[in-house]
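Participant: output the structure for:
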Amino acid sequence: MKTTLYPAFGILLVDDEPAWLKSFALTLRSRAGITNVQRCQDGREVPGLLDGGNIGLVLLDLTMPHLSGEALLQQIGESHPEVMTIIVSGLNQLETAVQCMKLGAFDYFVKTDEEDRLVGGVQRAIRLQELQHEVRAMSDRMLSRELQHPEAFVEIVTCDRGMHDIFAYVEAVAPSRQPLLITGESGVGKELFARAVHTLSGCAGPLVAVNVAGLDDTVFADTLFGHVRGAYTGADQARPGMVEQAGDGTLFLDEIGDLSIASQVKLLRLLQEGEYFPLGSDRPKRMNARIVVATHADLAAREAAGSFRRDLYYRLCTHHIQIPPLRERPGDIPLLLDHFLGEAARPLGKRKPTPPKELAQLLATYRFPGNVRELRGMVYNAVSLHKERILSMESFLKAIGTSRPDPAAAGPARNPFASFERLPTFTEAAELLVEEAISRANGVQAIAARLLGISPPALNKRLKMSRK
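Facilitator: From the prediction side, this is the model:
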């Protein structure tokens, strides 16, 4: 099975003590899942290894034969300024540490420091390198507006420029190991974006999706982390959790905004430490999967209200995409209509129906609270009832009519004329209303009449009167 190296760039350990090199490489693997590590015992070989490319971080000892660490640090800064260097020395001298930082070292550690401090310093350097790479990649893609892998977005039907900007952002951040937050109203296609992220990430494992809405704390922990045999009454067999099932792939947690505070604490620890405990076990397991989360909720508002942890919120916002609702991209409606007509007809053994030309214009006047999912449902229902060559608009008109909000149920609304210094006359108000309806209907009087709640002949009569 293919194993994904982490991070995407190489980490070079340089020290003349082979025992330390082997020991620290094993520590990085066991404590932080860092596997993309090379070892070097002779500082003279370092320039050639860096020239070979794909080294992003060097851990460097200062006291080595042939070429001192300080001289090598200066060479790296001059020839490879994009490479970060961490000094790991046996010398605990403040003056030496200050000199190394002046020469461009990212950090300075003493070998006798606790291993957790050393590993934490390496993780900080990795995160900074990843963010710098992602910023460069995003800048390049935003400027070129060209996608390197458009096939990853084939399931997302759109011609909207803003959506294509999101595609470029997704391409840039998909290889990152940091969490990705996807927000947007219900029905906009958040899971499709999660699939695109997984495809572009290069992760060797599967995409495992879990809807966490409504899970209490115990069920959430059991679902994600699994349990050992005998963990609780009825746990006759050990069961791996979704984190383990995702392996080296992607774990997609949907409706993350509905998590309880207790479950949020568990998720935060998983993201921070990269390890978890199956229920009933005192031996931690390491998470290798990339975490992608989604929600329709306003997490910023929930964080401000105290129902969502601030530290988890900021951890999840490392990378964030906001998918616009369908009403903000009406140009996609004809494309989606055509796509769903073909998709709905195939399993029914029907020929793809021809929609009346007014249908897309009618749909563009509707706000689609259910977004793309609602449009898909409308089309599937219409195709299931379809008998003639031209698709009937009746089921669409019925769906749109029953979906209109009840003004009485919505409570008292602000009078649109309240801010007018001079109230328009009935004639002026009617003319303005007709003008707006015609505009929204793109000039189609039958649709405009339906928006106004009058018959087409009545609208035609008003139009004739206004032209006199």
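Participant: and the closest residue to K190 other than its chain neighbours, which of the three is it?
Facilitator: Closest residue in space to K190, ignoring its immediate chain neighbours: A294 at 4.2 Å, by C-beta to C-beta, 6 or more residues apart in numbering. Where you see a C-beta, it was placed from the backbone N, CA and C, and this is true even at glycine. Counting by DSSP: H, G, I helix; E, B strand; the rest coil, the backbone at A294 sits in strand.
Participant: burial check on A294, number of neighbours?
Facilitator: Residues lying near A294 (other C-beta atoms under 10 Å) number 24.
Participant: over to P353?
Facilitator: P353, neighbours per other C-beta under 10 Å, totals 20.
Participant: my read: it touches L385, true?
Facilitator: No: look at P353 against L385 with C-beta atoms under 8 Å: they stay out of range, at 10.3 Å.
Participant: tell me who's in contact with M101.
Facilitator: Residues near M101 by C-beta atoms under 8 Å, 6 or more residues apart in numbering: Y108.
Participant: name the element the spatially closest residue to G104 that is not a sequence neighbour belongs to?
Facilitator: Sequence neighbours aside, G77 is the residue nearest to G104 in space, at 4.0 Å (criterion: C-beta to C-beta, 6+ apart). Following DSSP states H and E, one finds G77 within helix 69-79.
Participant: if I look at the residue nearest to K190, how far off is G189?
Facilitator: Distance, A294 to G189, by C-beta to C-beta, to the nearest Å: 10 Å.
Participant: what's the answer for P424, then?
Facilitator: Taking C-beta to C-beta, one finds P424 at 42 Å from G189.
Participant: those two: which is more packed in?
Facilitator: When P424 and G189 are compared for neighbours, G189 comes out ahead with 21 against 13, by other C-beta under 10 Å.
Participant: ok, that one - contacts?
Facilitator: Contacts for G189 (C-beta under 8 Å, 6+ apart) come out as I156, I323, N371, V372, R373.
Participant: ok, so of these, who is nearest K357?
Facilitator: Nearest to K357 among the contacts of G189, counting by C-beta to C-beta, is V372 at 21.7 Å.
Participant: that closest one against S186, yeah?
Facilitator: No: counting by C-beta under 8 Å, V372 stays clear of S186, with 10.1 Å between them.
Participant: the more surrounded of those two?
Facilitator: The residue with more neighbours, out of V372 and S186, is V372; 25 against 14, by other C-beta under 10 Å.
Participant: where's the more buried one relative to P330, distance?
Facilitator: Separation of V372 from P330 (C-beta to C-beta): 12 Å.
Participant: just checking, V46 touches L12?
Facilitator: Yes: the pair V46 / L12 is scored as a contact, 7.1 Å apart, by C-beta under 8 Å.
Participant: now for the two: what residues contact both?
Facilitator: Residues touching both V46 and L12 by C-beta under 8 Å, 6+ apart: C40, V58.
Participant: now F340: closest residue in space that isn't a chain neighbour?
Facilitator: Here the nearest residue to F340 in space, its sequence neighbours aside, is V379; by C-beta to C-beta, 6+ apart that works out to 3.9 Å.
Participant: low-confidence ranges, the stretch 101-250 of the chain, go.
Facilitator: Residue ranges of the stretch 101-250 of the chain with pLDDT under 70: 141-145.
Participant: mind listing the strands for it?
Facilitator: For the stretch 101-250 of the chain, the strands defined by DSSP state E, counting those that start in this stretch cover 107-110, 180-183, 207-211, 226-227, 239-240, 250-254.
Participant: which strands or helices does the lengthiest helix in the chain pack on?
Facilitator: Counting by DSSP state H, the longest helix found in the chain is helix 115-144. Contact here means 3 or more C-beta pairs under 8 Å, 6 or more residues apart in numbering; DSSP states H and E; on that basis helix 115-144 packs against helix 18-32, strand 55-60, strand 84-89, strand 107-110, helix 161-173.
Participant: in stretch 366-377, what's buried?
Facilitator: Within stretch 366-377, the residues that qualify as buried by neighbour count (16 or more other C-beta atoms under 10 Å) are Y366, F368, G370, N371, V372, E374, L375, R376.
Participant: OK, contacts around the third one?
Facilitator: Read it as G370. S186, G187, G377.
Participant: now the first one, nearest residue through space, not along the chain?
Facilitator: So that's S186. That would be H296: by C-beta to C-beta, 6+ apart, it lies 4.8 Å from S186.
Participant: tell me the pLDDT of that neighbour.
Facilitator: As summarised for this prediction, H296 has a pLDDT of 96.
Participant: ok, now how distant is it from G184?
Facilitator: In terms of C-beta to C-beta, H296 sits 7 Å off from G184.
Participant: got any residues that touch both of these two?
Facilitator: K190.
Participant: in helices, which of the contacts of G370 appear?
Facilitator: Counting by DSSP H, those place G377 in helices.
Participant: looking at the contacts of G370, which is nearest K22?
Facilitator: Using C-beta to C-beta, S186 comes nearest to K22 of these, at 52.1 Å.
Participant: I'd say the closest one and R373 touch.
Facilitator: Yes: proximity of S186 to R373 meets the contact threshold set by C-beta under 8 Å, at 7.2 Å.
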